[in-house]
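Novice: have a look; sequence and predicted model below, questions after that.
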Amino acid sequence: MVRITATNVKSALERAPGVLKILFFSAVGSQYDHSIGVLKLNHIYDTILEGAVPEVMDIHPGYVQEAWRPILDEANLEPLVLYSWLAQIDHKVPCPYYFKSFGPQHYCTADIRKAVEEVTGSKVNLNLVEKDQLSGYFAQRISEQNSSLSHHYASSCTAITMKWFNLITSGAAFFAPALATSPPRSDIRCEKYDYIVVGGGTSGLVVANRLTENSRATVLVVERGGFANGPRAIVPYWANDLDTSLMIGPTSAPVTNLNNATFQVAVASVVGGATVINGMAYMRGSRAEYDAWEELGNPGWGWNGLLPYFRKSSTFDPPSAEATEEWGMKWDPSVFGNGPVRSTIPDFQYPDLHTFLSSWRDDDTVPKPDDVNAGLGPGAYWAPSTIDAGDRTRTTARKAYYDPVFSQRPNLRLLTEHTVTEIVFQNLRAVGVKITSQATNEDRIVCASKEVILAAGAIQTPHLLQKYAPGVGANFQDHAAVLMIFDLANASFPNPNTITTNATYNATVWNEYWTNRTGPIAAGSSSRVTLLSLSHSTSAAASIVNRITAQDPRDYLPSSHASGPLLKGFKKQRGILARLFGSQDASASSHPFPGGGLAPAVLLKPLSRGSVTVDPADPHGLPVVQYNTFMNPVDADIAVAMVKRARAFWSKPDISVLQPTEILPGPQHSTDEEILAALKSGGLLPTLAHPSGSCSMMPEDLGGCVGSDLRVYGVKALSVVDASIIPLIPGAPLQATVYAVAEKAADIIKSRA
């Protein structure tokens with residue numbers, strides 16, 4: 001029995017690294033094969049588990065059999081009497097209070113007698129109990145309600161072990177000494193803070209800022225990356241080019257439905273996180289999309305619950321009056337506040353945008369609301385960028401939430417270039433984290449008296465949580481993008497390609513930026529986006545919705561969703577998605593206009609579910625990211641419809657002045673099957689670096705990892721505040737959403753203090 005159990009435990013530990021200590025509870029008799037007058041232990045479990053974890057503790061009912069606790073309760077007797085029916089020898093554990101396996105001490109009953117004598121200061125007699133006297137002996141020593149133990153003890157070590165375990169876990173006073181074998185971790189020597197925030201990116205810096213508004217609250221932020229101060233981190237133009245030097249992203253697992261191709265996973269490693277390397281789009285999802293979060297069992301997390309935090313985090317700086325008039329720019333100031341995240345619509349726009357504006361303006365099927373951030377859903381919009389209009393530099397979480405306060409707040413500490421490798425627990429309570437210095441490779445533990453807060457993002461947070469909580473790593477979602485490219489034979493001058501193809505123009509615009517902070521270098525990427533409902537994209541919308549509701553979801557989900565809470569949770573998500581696909585309240589696809597012939601089409605509401613898991617070959621390395629793109633064929637159908645809708649737009653008379661010729665996927669791919677084959681063969685990216693959902697905020701019976709209070713199920717003092725909690729990805733880049741989530745999270749955490 002013990003051999004099988006220990007082997008299974010060892011196998012589990014190998015798959016879930018990072019466990020620091022285990023408690024092994026077993027009947028003494030389970031450790032020997034035969035009796036030789038005294039009970040000789042064969043060291044079965046300690047031999048198997050040796051080296052599997054740093055520390056193994058064990059508890060044996062034998063200590064109660066030898067009844068030294070009742071002796072202490074009868075300290076008025078003279079002499080004291082120690083009853084024993086076992087003479088144990090050859091056991092590698094200290095005795096009597098705190099036992100560590102693999103230690104130097106062996107003991108027998110005489111050793112226990114000596115220990116009791118030392119504790120009581122009295123002489124102790126040793127009386128042996130004969131086998132036929134056991135029933136009466138236990139009847140005297142164990143309370144009446146547990147007297148059945150004596151019968152089971154004589155016949156089954158396994159049964160009695162479970163009985164003893166039940167007594168211990170119910171807090172029976174009889175076992176007070178045994179409970180002392182798991183003392184509080186007062187032995188941990190560490191720097192202590194009220195809160196430890198894991199990750200100095202978007203959400204981590206927001207939460208740290210808000211918590212340290214209370215001067216008595218101490219916060220440590222641990223960030224794997226360092227500070228980025230060069231032009232690529234601050235100049236808006238570089239939002240067009242992902243800076244991989246500030247990333248640690250792994251390569252994804254092969255994507256089966258994309259011809260087993262692998263893709264870089266964007267995981268920022270820099271103070272400020274994704275806000276330093278993203279495309280700077282400041283866009284919110286629709287009211288209906290956030291209300292879906294609330295519908296999934298998260299009261300207070302709908303549009304009305306989040307809007308105050310969207311406002312609290314943001315400030316919109318209007319473009320100039322001249323640009324507003326020339327381009328017909330529109331926005332709604334009421335949906336913004338006076339927060340630290342500054343955004344604007346840049347004054348500079350490439351001239352070909354006039355052509356696209358007129359084409360969408362003439363399309364009566366697409367709404368034209370004022371502001372993409374008002375939660376109104378589908379439409380053709382001006383999309384702000386996170387650019388500070390004061391100095392025309394990128395607005396990052398560092399610039400918004402850290403730089404303005406760090407020198408005035410001694411209670412806020414940011415530790416850079418350190419990696420959190422483990423969460424440290426005591427009695428299922430998170431009490432700190434283990435960190436490793438990248439400079440010295442030295443490990444140490446830092447402690448949190450109130451909470452450990454995970455803000456490492458939807459890739460790294462589940463990697464840390466994998467072995468501690470339910471639902472971790474599942475429900476992973478991202479936006480996939482169709483790569484559509486057109487050659488524009490009659491593109492205007494200048495256009496986005498001019499900067500890289502015309503050295504004179506390049507020098508001119510860079511000089512303009514450094515001198516005046518104006519021009520295309522101050523503008524970044526696209527400022528126009530069109531969001532389409534499913535019915536805007538295809539006449540087959542109703543048919544697609546019917547297909548979704550008729551599916552057996554188990555046919556198109558990972559094996560982890562085959563039954564239980566994850567399947568139940570997905571079924572509820574699927575019902576919501578089917579309703580949103582059939583309405584005009586939420587977008588199924590987006591079509592940004594970067595210019596220069598680029599025409600990406602983005603799949604906003606995937607039905608396929610990916611995963612983030614520990615790599616069994618390298619448990620302490622980067623996680624395994626599986627996108628599972630097109631696992632659900634409905635996603636593929638919608639992607640094909642997006643291509644056909646984009647082609648229809650590019651063939652409109654208004655656009656013909658540019659003389660576009662399709663390069664990707666290519667006009668030779670005309671049927672649905674041909675288009676899909678082209679997408680699977682390099683025409684689609686499974687990620688726009690919008691990872692989410694891997695530690696979902698949903699009830700536990702729906703496969704959730706955290707509740708609406710952001711606490712991780714099954715443990716205490718551990719919260720998640722990043723994009724991994726998003727249960728359904730909204731139809732927008734995640735930057736604005738994560739800022740609002742983090743602001744709301746900070747208030748939730750402060751309310752617990």
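Specialist: That came in fine, so what should we check first?
Novice: domains of this protein?
Specialist: In the domain annotation for the chain, the residue ranges read 2-179, 197-405+455-752 (automatic domain parsing).
Novice: ok, residue 404 - how many residues close by?
Specialist: Applying other C-beta atoms under 10 Å, we find 13 residues neighbouring residue 404. All C-beta atoms are positioned from the backbone trio N, CA, C, and that covers glycine.
Novice: and it, how far is that from residue 209?
Specialist: For residue 404, the distance to residue 209 under the criterion C-beta to C-beta, to the nearest Å works out to 9 Å.
Novice: sorry, back to before: would a markdown table of the domains of the chain with distance to residue 449 and mean pLDDT be doable?
Specialist: Supplementary listing: those in a markdown table, determined by distance: least, C-beta to C-beta, whole Å; pLDDT from 0 to 100:
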| stretch | distance to residue 449 | mean pLDDT |
| --- | --- | --- |
| domain 2-179 | 19 | 51 |
| domain 197-405+455-752 | 9 | 97 |
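Novice: how would you label residue 739: helix, strand or coil?
Specialist: Under DSSP: H, G, I helix; E, B strand; the rest coil, the three-state class of residue 739 is helix.
Novice: hmm, back to that, closest one to residue 422 among the domains of the chain?
Specialist: Using C-beta to C-beta as the criterion, the shortest distance between residue 422 and the domains of the chain is 4.6 Å, found for domain 2-179.
Novice: endpoints of stretch 422-434, how far apart?
Specialist: Terminal residues of stretch 422-434 lie 5 Å apart, using C-alpha to C-alpha, to the nearest Å.
Novice: sorry, that was for stretch 596-611
Specialist: From its first residue to its last, stretch 596-611 covers 35 Å (C-alpha to C-alpha).
Novice: can you check stretch 400-408 too?
Specialist: Counting by C-alpha to C-alpha, you get 15 Å between the two ends of stretch 400-408.
Novice: just checking the distance from that stretch to the centre of its chain.
Specialist: On the basis of C-alpha atoms, centre = their mean, to the nearest Å, the separation between the geometric centre of stretch 400-408 and that of its chain is 26 Å.
Novice: and for stretch 282-299?
Specialist: For stretch 282-299, the distance from its own C-alpha centre to the chain's C-alpha centre is 18 Å (C-alpha atoms, centre = their mean).
Novice: ends of that stretch, what's the gap?
Specialist: Distance between the boundary residues of stretch 282-299 (C-alpha to C-alpha) amounts to 25 Å.
Novice: in that stretch, what's buried?
Specialist: Across stretch 282-299, burial judged by 16 or more other C-beta atoms under 10 Å covers 282-298.
Novice: all strands for the stretch 501-650 of the chain, in order.
Specialist: 528-532, 589-592, 601-603, 611-613, 624-626 (DSSP state E, counting those that start in this stretch).
Novice: using CSV, list the CA coordinates for the lengthiest strand in the chain.
Specialist: With residue count as the measure and DSSP state E as the assignment, the chain has strand 443-454 as its longest strand. The C-alpha atoms that make up strand 443-454 are tabulated as CSV, following Å, rounded to 0.1, in the frame of the first residue of the first chain:
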residue,chain,number,x,y,z
ASP,A,443,17.4,32.5,-4.6
ARG,A,444,15.6,34.1,-1.7
ILE,A,445,12.2,34.4,-0.2
VAL,A,446,10.2,37.6,0.3
CYS,A,447,7.1,37.5,2.4
ALA,A,448,3.7,39.2,2.3
SER,A,449,1.6,39.7,5.4
LYS,A,450,-1.6,40.4,3.6
GLU,A,451,-1.6,39.1,0.0
VAL,A,452,0.4,37.9,-2.9
ILE,A,453,-1.0,39.5,-6.1
LEU,A,454,-0.3,37.9,-9.4
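Novice: given that strand, what are its sheet partners and their directions?
Specialist: Sheet pairing for strand 443-454, assigned by DSSP bridges, gives strand 191-198 (parallel), strand 429-437 (antiparallel), strand 718-720 (parallel).
Novice: buried stuff in the longest one?
Specialist: So that's strand 429-437. Within strand 429-437, the residues scored as buried using 16+ other C-beta under 10 Å are 430, 431, 432, 433, 434, 435, 436.
Novice: residues in contact with it?
Specialist: Here strand 429-437 makes contact (C-beta atoms under 8 Å, 6 or more residues apart in numbering) with 185, 188, 190, 196, 198, 222, 415, 417-425, 442-448, 451-452, 715-718.
Novice: now list the buried members of the residues you listed.
Specialist: Buried members of the contacts of strand 429-437, scored by 16+ other C-beta under 10 Å, are 185, 190, 196, 198, 222, 415, 418-420, 422-425, 445-448, 451-452, 715, 717-718.
Novice: quick one: residues contacting residue 456.
Specialist: Residue 456 makes contacts with 198, 199, 201, 204, 420, 463, 464, 722, as judged by C-beta under 8 Å, 6+ apart.
Novice: actually, residue 615.
Specialist: 621, 622, 623, 624.
Novice: OK, contacts around residue 207?
Specialist: 197, 453, 455, 721, 742, 745, 746, 749.
Novice: what of residue 748?
Specialist: For residue 748, the residues meeting the contact criterion (C-beta under 8 Å, 6+ apart) are 709, 710.
Novice: now the one helix or strand it maps to and strand 443-454, what's the angle there?
Specialist: In this assignment (DSSP states H and E), residue 748 forms part of helix 735-752. Relative orientation of helix 735-752 and strand 443-454, computed by axes from the mean of the first three to the mean of the last three C-alpha atoms, to 10 degrees: 100 degrees.
Novice: next one: helix 735-752 to chain centre, how far?
Specialist: Centroid separation between helix 735-752 and its chain, computed with C-alpha atoms, centre = their mean, is 15 Å.
Novice: ok, stretch 302-318 next?
Specialist: Centre to centre, stretch against its chain (C-alpha atoms, centre = their mean), the figure for stretch 302-318 is 23 Å.
Novice: what's in contact with it?
Specialist: Taking contacts as C-beta under 8 Å, 6+ apart, the residues outside stretch 302-318 that touch it are 206, 282, 284, 287-288, 290-291, 293-295, 324, 331, 333, 335-345, 373, 375, 384, 388-390, 736, 739-744, 747.
Novice: which of those count as buried?
Specialist: 206, 282, 284, 287-288, 290-291, 293-295, 324, 331, 335-337, 339-345, 373, 375, 384, 388-389, 736, 739-744.
Novice: among those, which are in helices?
Specialist: 206, 287-288, 290-291, 293-295, 324, 736, 739-744 (DSSP state H).
Novice: what's the farthest-apart pair in the residues you listed?
Specialist: When these are compared pair by pair using C-beta to C-beta, the two farthest from each other are 295 and 324, 37.9 Å apart.
Novice: pick the one among the ones in helices among the buried ones among the contacts of stretch 302-318 closest to residue 278.
Specialist: Within the set of these, residue 736 lies nearest residue 278; the separation is 11.1 Å, counting by C-beta to C-beta.
Novice: just checking, that closest one touches residue 280?
Specialist: No: in this structure, residue 736 is not within contact of residue 280 by C-beta atoms under 8 Å, at 10.9 Å.
Novice: quick revisit: any chance of CSV for the contacts of residue 207, columns distance to residue 253?
Specialist: Listed next are the contacts of residue 207 as CSV, based on distance: C-beta to C-beta, whole Å:
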residue, distance to residue 253
197, 29
453, 29
455, 25
721, 27
742, 29
745, 30
746, 34
749, 34
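Novice: out of the residues you listed, who's nearest residue 276?
Specialist: The closest of the contacts of residue 207 to residue 276 turns out to be residue 455 (C-beta to C-beta; 14.9 Å).
Novice: grab the nearest non-local neighbour of the closest one.
Specialist: residue 204 (3.4 Å; C-beta to C-beta, 6 or more residues apart in numbering).
Novice: now the one you found: which helix or strand?
Specialist: With DSSP H and E as the test, residue 204 turns up in helix 202-211.
Novice: for that helix, list the C-alpha coordinates in PDB.
Specialist: The C-alpha atoms that make up helix 202-211 are tabulated as PDB, following Å, rounded to 0.1, in the frame of the first residue of the first chain:
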ATOM      1  CA  THR A 202       0.300  47.000 -16.900                       C
ATOM      2  CA  SER A 203      -1.900  45.600 -14.100                       C
ATOM      3  CA  GLY A 204       1.000  45.300 -11.600                       C
ATOM      4  CA  LEU A 205       2.000  48.900 -11.600                       C
ATOM      5  CA  VAL A 206      -1.600  50.100 -11.400                       C
ATOM      6  CA  VAL A 207      -2.400  48.000  -8.300                       C
ATOM      7  CA  ALA A 208       0.900  48.900  -6.700                       C
ATOM      8  CA  ASN A 209       0.300  52.600  -7.200                       C
ATOM      9  CA  ARG A 210      -3.200  52.400  -5.800                       C
ATOM     10  CA  LEU A 211      -2.300  50.300  -2.800                       C
END
